[in-house]
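Chemist: Build me a model from this:
(one chain, ligands or ions: 2)
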Amino acid sequence: MNRAQEEAVHYLDGPCLVLAGAGSGKTRVITRKIAYLIQECGYSARHIYALTFTNKAAAEMAHRLESLLGRSASRGLTISTFHSLGVRFLREEAQALGLKRGFSILDGQDAMGLIQAIVQTTDRARLKHLQQVISLWKNAAVDPDQAAVLAQKSGEIDASRVYYSYQATLKAYQAVDFDDLILLPLRLLSENQEVRARWQSRVRYLLVDEYQDTNACQYQLLRELTGPRSMFTAVGDDDQAIYGWRGATVENLARLREDYPDLHLIKLEQNYRSSQTILAAANRVIEANPKLFDKRLWSEHGVGDPITVTRMDNDQMEAQSVAVRLSAARFEKQAKWQDFAILYRSNQQARVIEQALRDLRIPYTVSGGQSFFEKQEIRDVLAYLRLIANDDDDPAFIRAATTPRRGIGQASLHALGEYAGQHQVSLMQAAQSDSLGQILQPKQLDAVQGFVHFIRIFQTRADKPGHIEPVDKLLDELLANVGYENHLFDTASDDRSAQSKWQNVLDLVDWLKSKAQERDHGLAGLVQHVALVTMLDRQQDEDPDAVKLSTLHASKGLEFPHVYLVGVEEGLLPHLGREDDLTVDDDVQALANRIQEERRLMYVGITRAQRSLHLTWCSRRRRARQDRVCELSRFVAEMGLVSNKTVEDPANGLSPAKRLDMLKDLLASKKKAV
Ligand SMILES: Nc1ncnc2c1ncn2[C@@H]1O[C@H](COP(=O)(O)OP(=O)(O)OP(=O)(O)O)[C@@H](O)[C@H]1O
Ligand SMILES: [Mg+2]
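Modeler: Numbers count the residues shown, from 1 in each chain. Ligands and ions are numbered 1, 2, ... in the order given. So this is what the prediction gives:
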């Protein structure tokens, strides 16, 4: 630890903010401070709460602390994301909030479906816009009534009405969305003196990593949890704020200073991660953004490898070339696969890269891709579990009742829905009504009652105490009784795709079982946990020696000896003009803000690299079903590289087959040379 880091670790006289650039040891300060609190200051682990940006980062930090402190001393520590902490809070305080403990957590897709049901439109852009507006309101702690007052333009008034129905529906479903995981705890803490006192005496010290990406609600939550004692340390870097589009606001940094006049500000200036060359390029890029806080960053590392910029003909070629170069570099540097990362701006770029890596049998893991949990088959199985945990979860009811088909069709659902609406009950309750015979045909009635009976059996079993064994057995029996495997083979286009879907389901079950054991929570807790595993946490498999493929967003906080940043083109990085993303409100200022956020993303990307950084771009790329001519990203010029030139990939212009031959020759010659 250097002096500034020591200071940050030891400072306990009040709130503390560590504001520093990438790779300066902020995350390390958090880990060390937790150890210091426990080992030297007599804090008990259960009074320390650390908040990280992803569940994966939390797991890593917990792991590191376990090796620093030993198992028993670190037991009871809370290291989690804001959202996971929110779930835990809601479970414990469910009663005070009028929620059942098995409440459902709706993900983005469910929430979108709900909005769609309210506004009755299939216009995706409109739905997305509504969802975004509602989410921004919720992140700013604005409730539907307040939104109605605030709304001025006709679009906003419309959205505030939808927001109102949306909240009412969530309540009826005994469900919460992601934003509620922060908003509801916040409400309860600020309104309920008893709850507040209890939590404030629990949270004796709070630490927050990646503070620059918290939103207004999360900031308020920090305030409520720490209370007047305000014992917390937040670390962050305003130049790495990349979630503005999700309502995160860098202003929280400025607010912290206003709200806590005694805030102790510490700056870290030494970078321990990157070579001089990489650091210099990163500093130059970020200089083009307006500065909120003055920061300098220097490194004792050597000059290191020069940064390369290579032009490729197209994205396929880019993928192949990067794959080959990366293998060659691994030989040359005697490195491991895990020393390499390929980073990109948008998820769609991953597919060709994966293909190229597979062709060369290079092991890789993907993070930040389409979530495993968004796959149809996974959502199907989870719908059953959700319904068993919470039978007011109507979206889960509809999905489970109709997958596989069991004679409950649109007509039955419609009748049930009408009954449920009239009597203000959930679909599951409607399905158990005595008067069902009057609204359904005998055959429909049989099907509905059979389904209800089926779910009830599992509900009774899941509710028994001593959960671990039951969850295990329950899952196997549930799948067998549902006949899900047969369903997949009956409905999939071919056996291979059915097989791969079934494998996904089996993976899910294994994963659920391991989680159930790890956390010792029953079905309800398990299902809630699943909902929290977000895109950013996903790891395709656990092979530790593998090349890491990641979006720039998901690469935050990580570091790799060698980084390939692909698709460094105008339009892609900076990412602009995704058609369905543009709203009428887009004006010059909004555009400028967007470029600045993209520049921070570029800064995040560059600063992941420790020893070498390679940028590639394509002169043509297929995007949005069109073959487009591309230009080199403005960010490359800003990096001010010594040889400010793009190198041509030698394989440019060749046919795909010749190209691959040539690249393979290149690889072979490197191997020979070593
Ligand atoms: N005092 C130190 N001595 C040696 N290595 C250090 C020191 N402080 C930090 N490091 C190392 O520097 C690297 C970057 O540290 P860390 O990840 O904590 O930085 P960070 O500020 O959190 O970066 P980011 O902004 O990207 O999240 C890590 O490998 C860490 O172990
Ligand atoms: Mg960090």
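
Chemist: roughly how far apart are residue 406 and residue 222?
Modeler: Distance of residue 406 to residue 222, computed by C-beta to C-beta, to the nearest Å: 48 Å. Every C-beta, even on glycine, is put in place using the N, C-alpha and C of the backbone.

Chemist: between those two, which one's more packed in?
Modeler: With other C-beta atoms under 10 Å as the criterion, residue 406 and residue 222 differ in neighbour count, and residue 222 comes out ahead with 24 against 17.

Chemist: Which element, helix or strand, includes the more buried one?
Modeler: Element membership for residue 222 (DSSP states H and E) is helix 216-226.

Chemist: Show me what that helix is packed up against.
Modeler: Where contact means 3 or more C-beta pairs under 8 Å, 6 or more residues apart in numbering; DSSP states H and E, helix 216-226 is packed against helix 82-92, helix 124-139, helix 180-191, helix 193-202, strand 205-208, strand 232-236, helix 251-259.

Chemist: Can you check which helix is longest in the protein?
Modeler: Counting residues, the longest helix found in the chain (DSSP state H) is helix 495-519.

Chemist: Can you tell me, leaving aside adjacent residues, what's nearest to residue 262?
Modeler: residue 14 (4.8 Å; C-beta to C-beta, 6 or more residues apart in numbering).

Chemist: does the one you found sit in a helix, a strand or a coil?
Modeler: Under DSSP: H, G, I helix; E, B strand; the rest coil, residue 14 falls in the coil class.

Chemist: wait, what's in contact with it?
Modeler: With contact taken as C-beta atoms under 8 Å, 6 or more residues apart in numbering, residue 14 is in contact with 230-231, 260, 262-264.

Chemist: at 10 Å what do you get?
Modeler: For residue 14, the contacting residues are 229-232, 260-264, by C-beta atoms under 10 Å, 6 or more residues apart in numbering.

Chemist: Do a quick rundown of the helices in the stretch 301-450 of the chain.
Modeler: With DSSP state H, counting those that start in this stretch applied, the stretch 301-450 of the chain shows helices at 315-333, 350-359, 376-389, 394-402, 410-423, 427-430, 436-439, 442-462, listed in chain order.

Chemist: Contact residues of the stretch 451-600 of the chain facing ligand 2?
Modeler: Residues of the stretch 451-600 of the chain that fall close to ligand 2, judged by C-beta under 5 Å from the ion: residue 557.

Chemist: Contact residues of the chain facing ligand 2?
Modeler: Remark: the part of the chain in contact with ligand 2 comprises 26-27, 557, using C-beta under 5 Å from the ion.

Chemist: Looking at the stretch 551-674 of the chain, what residue ends up closest to ligand 1?
Modeler: As assessed by C-beta to the nearest ligand atom, ligand 1 sits closest to residue 557 within the stretch 551-674 of the chain, at 4.2 Å.

Chemist: next structured bit after the longest strand along the chain?
Modeler: With DSSP state E applied, the strand covering the greatest number of residues in the chain is identified as strand 609-618. Sequence-wise, the next helix or strand beyond strand 609-618 is strand 620-623, with elements assigned using DSSP H and E.

Chemist: CA atoms only: put that next one into PDB for me.
Modeler: Extracted C-alpha coordinates of strand 620-623, given in PDB (Å, rounded to 0.1, in the frame of the first residue of the first chain):
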ATOM      1  CA  ARG A 620     -16.700  -2.600 -43.900                       C
ATOM      2  CA  ARG A 621     -19.000  -4.100 -41.300                       C
ATOM      3  CA  ARG A 622     -22.500  -5.600 -41.400                       C
ATOM      4  CA  ARG A 623     -24.700  -3.700 -38.900                       C
END
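
Chemist: Return the set of buried residues in that strand.
Modeler: Taking 16 or more other C-beta atoms under 10 Å as the basis for neighbour counts, the residues of strand 620-623 that come out buried are 621, 623.

Chemist: list the helices and strands that strand packs on?
Modeler: Using 3 or more C-beta pairs under 10 Å, 6 or more residues apart in numbering; DSSP states H and E as the contact test, the elements touching strand 620-623 are helix 315-333, strand 626-629.

Chemist: Dump these into JSON lines; add mean pLDDT as well.
Modeler: Formatted as JSON lines, the entries for the helices and strands packed on strand 620-623 read as follows, by pLDDT from 0 to 100:
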{"stretch": "helix 315-333", "mean pLDDT": "92"}
{"stretch": "strand 626-629", "mean pLDDT": "85"}
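
Chemist: tell me the contacts of the residue in the stretch 101-250 of the chain that ligand 1 sits nearest to?
Modeler: When distances are taken as C-beta to the nearest ligand atom, the stretch 101-250 of the chain approaches ligand 1 most closely through residue 237, which lies 5.1 Å from it. With contact set as C-beta under 10 Å, 6+ apart, residue 237 has these partners: 18-24, 26, 210-213, 250, 253, 268, 286, 293, 295, 297, 556, 600, 603-604, 607.

Chemist: run the last query once more with 7 Å
Modeler: By C-beta atoms under 7 Å, 6 or more residues apart in numbering, the contact set of residue 237 is 20-22, 212.

Chemist: Could you measure from it over to residue 553?
Modeler: Plainly put, residue 237 is 15 Å away from residue 553 if you go by C-beta to C-beta.

Chemist: Phi, psi for the one residue in the stretch 251-400 of the chain that gets nearest to ligand 1 please.
Modeler: Among the residues of the stretch 251-400 of the chain, residue 272 lies nearest to ligand 1; the distance is 3.2 Å by C-beta to the nearest ligand atom. For residue 272, the backbone dihedrals are phi -110, psi 0 (criterion: degrees, to the nearest 10).

Chemist: What of residue 209?
Modeler: Here residue 209 shows phi and psi, under degrees, to the nearest 10, equal to phi -90, psi 160.

Chemist: swap in residue 17?
Modeler: Dihedral angles of residue 17 (phi, psi; degrees, to the nearest 10) stand at phi -120, psi 120.

Chemist: what about it, distance to ligand 1?
Modeler: Residue 17 sits at a distance of 13 Å from ligand 1 (criterion: C-beta to the nearest ligand atom, to the nearest Å).

Chemist: so that residue makes contact with residue 265?
Modeler: Yes. Here residue 17 lies in contact with residue 265, judged by C-beta atoms under 7 Å, at a distance of 5.3 Å.

Chemist: could you pull out the helices for the stretch 1-150 of the chain?
Modeler: With DSSP H, counting those that start in this stretch as the criterion, the stretch 1-150 of the chain has helices at 3-10, 26-39, 55-69, 71-74, 82-92, 94-97, 108-119, 124-139, 144-150.

Chemist: Let me have those in a markdown table, adding mean neighbour count, mean pLDDT and distance to residue 399 as columns.
Modeler: Conversion of the helices of the stretch 1-150 of the chain to a markdown table gives the following (neighbours: other C-beta atoms under 10 Å; pLDDT from 0 to 100; distance: least, C-beta to C-beta, whole Å):
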| stretch | mean neighbour count | mean pLDDT | distance to residue 399 |
| --- | --- | --- | --- |
| helix 3-10 | 18 | 97 | 48 |
| helix 26-39 | 21 | 97 | 39 |
| helix 55-69 | 17 | 90 | 25 |
| helix 71-74 | 14 | 88 | 40 |
| helix 82-92 | 20 | 92 | 22 |
| helix 94-97 | 14 | 88 | 24 |
| helix 108-119 | 18 | 86 | 9 |
| helix 124-139 | 19 | 89 | 19 |
| helix 144-150 | 15 | 90 | 27 |
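
Chemist: Tell me the secondary structure at residue 165.
Modeler: Looking at residue 165 with three-state DSSP, the answer is helix.

Chemist: I'd guessed it sits against residue 119; true?
Modeler: No. With contact taken as C-beta under 7 Å, residue 165 and residue 119 are classed as non-touching, separated by 8.8 Å.

Chemist: tell me the angle the helix or strand bottoming out on mean pLDDT in the chain makes with helix 442-462.
Modeler: The weakest-scoring helix or strand in the chain, judged by mean pLDDT, DSSP states H and E, is helix 523-532 (a mean of 77). With axes from the mean of the first three to the mean of the last three C-alpha atoms, to 10 degrees defining the directions, helix 523-532 sits at 100 degrees from helix 442-462.
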